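1. Attaching a predicted model along with its sequence, questions to come.
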Amino acid sequence: MAEKPRVLVAGVGPLPPEAPDRLFAPGLRLWGIARELARAGHAVRLATVRFAGRPLDQARLWDLQPGEAPLPLGRDVPLPEGRLGLVLAAEAQSFEATAAVGSTDLVNRELADLPPALPLWCDYFGDPMAERQMLARLHGTDHLVADQWATLIPALRRADRFSGCSRRQMGALYGQLGAIGRLNRFTASEPLVHCLDPWIESLPVTSETGPFLRGPVAPAESLIVLQTGGFNTWLDVPSLIEALHRAMRREPRLVFAATGGTIPGHDEHSFAEFQRLVAASPFRSRFFSLGWLPLDRVPRVIAEADLGLNVDRPGAEGWLGTRNRLLDWLRGGLPIVTTIGSELAEELVQAGCAHGAAQGDPASVAEAILRVLTSPAGYRERARRLASGERFEASRCLKPLLDWAANPRPAPDLQAWREQRAEPPALWLNAEASARRLAEADQAGRERDGLRRRLDALEGSRLVRVSLKLRRLLGGPRRRGNGG
């Protein structure tokens, strides 16, 4: 019997078994991937970096033995010259890896430097270009978009398989692969892209007794509307607040509780906007910000709530992506009101576990809240039934990856080009150089944009007005619309 492949898995932490004070979706997804590969009988070397809460000069490594086992003790290794790719290449060699799996755009970029013959699967939990679009909106500048494309290009050129979290994202990935020449005669019948649906992850539950939210925080007779997780770029904070205002006017028992908060290094604006709007709200005494909770308290808070509320902005990010928090609420049997954006939201509405509302329409959201709170029992029953079935089991959702990992092989176009049986197309050859030039121009634009912001901060200064006038007269960079 052939030996099972040895798989290097890399991504962004922290992981759920580390019991971090803040857990984000990339860590949840990475842990599920590594754990299921080990359960399938593979030896796994798991590597993580953290882009918040830990210095970026080190990675953490774990060795997962085949089968069912808890996360062993990890070890930290330095990143020489700050380059994760050097560590991943060394670990792949020392571990004698026969395949590699990466998750997130930044880590996948680093994995692109692995030896060409090592089969590589790159997973993207949401479309990176659409996510960068949301950041561009948040910061009021498009000097972020070319940099993201430059980040994607190395993995698009190098990986043998790709995955996203929705069928729509599969289409986006195929479009990105087509843009660099990977849709060619060798891959005409090859499934380069797969969908790895989000799955339900079990979380530990605290052994503490007694109520945590209902009574100690909110009045015992309250109707508690809950939001869990970070305040991300896609969250429509103004619509969320306006919808709650409308519902609170009609239902005096209604309160809103939110866990989580700022996502350091990614979105430090949305939670501040939420706090500002709540402070100005006539119902501010009915809003409760719980902050980042220990993992084992999150299921308990969900169990004490009456409704989970998700209000996202219209846009490609949600349409191509997903919402993990919906599955947390589903697992807890919590009735859900969600705006219709992601495939997951649509599925839960169709299954009768959630009530849908229109994006950008606070009145529609408020009506949905009041309707579900009036008759929640059916939503709870359907949620529990769906959550206890096979639909959202990790092994089912990860089946395409597990099947590939059992017999990893290179993509036929990359193999043909390495063996010099064919010439790579010009799109593939030129993609990385083109992206590098775009990124350099993008960096220059960001530096100019940063200069403008610093000058604008000194508004009213006669010296600044004279300086700007001189720059225009001398032909210096001019202000253009849309942050250009």
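-> Yep, it's here. Note that this is a predicted model, so its numbers are computed, not measured.

2. Low-confidence ranges, this protein, go.
-> Judged by pLDDT under 70, the chain has its weakly predicted residues at 1-2, 51-56, 442, 445-484.

3. Show me how it divides into domains.
-> 6-200+397-438, 223-392 (automatic domain parsing).

4. tell me how far the ends of the first one are from each other?
-> Distances were taken as C-alpha to C-alpha, to the nearest Å; on that basis the terminal residues of domain 6-200+397-438 are 37 Å apart.

5. which residues does Met426 contact?
-> That one is not Met; residue 426 is Ala. By C-beta atoms under 8 Å, 6 or more residues apart in numbering, the residues touching Ala426 are Gly181. (Glycine included, C-beta is placed from N, CA and C.)

6. Quick check: it vs Leu344, distance?
-> Distance, Ala426 to Leu344, by C-beta to C-beta, to the nearest Å: 39 Å.

7. Which residues does whichever strand or helix holds Ala405 contact?
-> For Ala405, the element it lies in under DSSP states H and E is helix 399-406. Defining contact as C-beta under 8 Å, 6+ apart, one finds that helix 399-406 is touched by 4-5, 7, 33, 36-37, 40, 42, 99, 101, 121, 123, 161, 163, 194-196, 395.

8. from the middle of its chain, how far away would it be?
-> 22 Å (C-alpha atoms, centre = their mean, to the nearest Å).

9. Can you list the buried residues in whichever helix or strand comes after that helix?
-> Sequence order places helix 412-418 as the next helix or strand after helix 399-406, per DSSP H and E. Within helix 412-418, the residues scored as buried using 16 or more other C-beta atoms under 10 Å are 412-417.

10. Can you lay out those as CSV showing distance to Arg29?
-> Converted to CSV, those look like this (distance: C-beta to C-beta, whole Å):
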residue, distance to Arg29
Pro412, 28
Asp413, 27
Leu414, 25
Gln415, 28
Ala416, 32
Trp417, 31
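
11. Pick out whichever of the residues you listed sits closest to Thr233.
-> Checking those against Thr233 by C-beta to C-beta gives Leu414 as the nearest, at 33.7 Å.

12. Distance of that closest one relative to Phe186?
-> Separation of Leu414 from Phe186 (C-beta to C-beta): 8 Å.

13. Just the helices from the stretch 251-400 of the chain, written as ranges.
-> With DSSP state H, counting those that start in this stretch as the criterion, the stretch 251-400 of the chain has helices at 270-279, 298-304, 316-320, 324-331, 343-350, 362-374, 377-387, 394-397, 399-406.

14. With respect to Leu61, which of those lies nearest?
-> helix 399-406 (19.1 Å).

15. ok so, going back, out of the buried residues of helix 412-418, which is nearest to Pro314?
-> Of the buried residues of helix 412-418, the one sitting nearest to Pro314 (C-beta to C-beta) turns out to be Asp413, at 36.4 Å.

16. Give the closest residue to the closest one in space, chain neighbours not counted.
-> Sequence neighbours aside, Phe186 is the residue nearest to Asp413 in space, at 3.8 Å (criterion: C-beta to C-beta, 6 or more residues apart in numbering).

17. So the one you found sits against Ala416, correct?
-> Yes - between Phe186 and Ala416 there is a contact under C-beta atoms under 8 Å: 5.4 Å.

18. Ser239: helix or strand, and which one exactly?
-> Using DSSP H and E, Ser239 falls within helix 237-250.

19. Kindly apply the preceding question to Ile33 instead.
-> Going by DSSP H and E, Ile33 is part of helix 25-39.

20. for Ala100, same thing?
-> If you go by DSSP H and E, Ala100 is part of strand 99-103.

21. just checking, next helix/strand downstream of that strand?
-> That would be, after strand 99-103 and using DSSP H and E, helix 105-111.

22. Quick check: which helices or strands does that following helix pack against?
-> Applying 3 or more C-beta pairs under 8 Å, 6 or more residues apart in numbering; DSSP states H and E, one finds that helix 105-111 contacts strand 6-12, helix 84-94, strand 99-103, strand 120-123, helix 145-158.

23. Any buried residues in the second one, and which?
-> With burial defined by 16+ other C-beta under 10 Å, the residues of helix 84-94 counted as buried are 84-85, 87-89, 91-92.

24. Closest to Leu235 out of these?
-> Nearest to Leu235 among those is Leu84, at 29.3 Å by C-beta to C-beta.

25. correct me, but the closest one touches Glu110?
-> Yes - using C-beta under 8 Å, Leu84 is in contact with Glu110, at 4.4 Å.

26. which residues do these two both contact?
-> Ala10.

27. residues contacting Ala179?
-> Per C-beta under 8 Å, 6+ apart, neighbours of Ala179: 427, 431.

28. So for His355, which of the helices and strands packed on helix 105-111 sits nearest?
-> Using C-beta to C-beta, the nearest of the helices and strands packed on helix 105-111 to His355 is strand 120-123, at 31.0 Å.

29. could you point out which element follows the closest one?
-> Taking DSSP H and E, what comes next after strand 120-123 is helix 128-139.

30. Pull the residues that contact that following helix.
-> 105, 142, 144-145, 147-149, 151-152, 172, 176, 233-234, 266-267, 269-270, 313, 315-317, 319-321, 483.

31. Now with 6 Å, please.
-> 105, 142, 144-145, 148, 152, 233-234, 269, 316-317, 320 (C-beta atoms under 6 Å, 6 or more residues apart in numbering).

32. Same check on stretch 364-371?
-> Contacts for stretch 364-371 (C-beta under 6 Å, 6+ apart): 243, 246-247, 311, 337, 355, 357-358.

33. ok, and for that stretch, which residues are buried?
-> Result for stretch 364-371 [16+ other C-beta under 10 Å]: buried residues 364-370.

34. how about the nearest residue to Arg6 once chain neighbours are set aside, phi and psi?
-> For Arg6, ignoring the flanking residues on the chain, the nearest one in space by C-beta to C-beta, 6+ apart is Ala43 at 4.7 Å. Note on Ala43: its backbone torsions stand at phi -80, psi 130 [degrees, to the nearest 10].

35. What is the nearest of the buried residues of helix 84-94 to Ala117?
-> Nearest to Ala117 among the buried residues of helix 84-94 is Ala92, at 11.0 Å by C-beta to C-beta.

36. so what's that closest one up against?
-> 8, 114.

37. before we move on, back to that, the contacts of helix 399-406, buried ones only, as a PyMOL selection?
-> What follows is the PyMOL syntax for the buried subset of the contacts of helix 399-406, where burial is set by 16+ other C-beta under 10 Å:
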select buried, resi 5+7+33+36+37+40+42+99+101+121+123+161+163+194+195+196
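
38. What's the end-to-end length of stretch 302-316?
-> Note: stretch 302-316 ends 29 Å apart using C-alpha to C-alpha.

39. sorry, back to before: okay, now the sheet partners of the strand holding Ala100, with direction.
-> strand 6-12 (parallel), strand 120-123 (parallel) (DSSP bridges).

40. now these in JSON lines, with distance to Ala439?
-> As requested, the strands paired with strand 99-103 are arranged in JSON lines below (distance: least, C-beta to C-beta, whole Å):
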{"stretch": "strand 6-12", "distance to Ala439": "21"}
{"stretch": "strand 120-123", "distance to Ala439": "19"}
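
41. I'd like to know which of those strands lies nearest to Pro70.
-> Among the strands paired with strand 99-103, strand 6-12 sits nearest to Pro70 (C-beta to C-beta), with 16.4 Å.

42. Please spell out which residues along the closest one are buried.
-> For strand 6-12, by 16+ other C-beta under 10 Å, it's 6-12.
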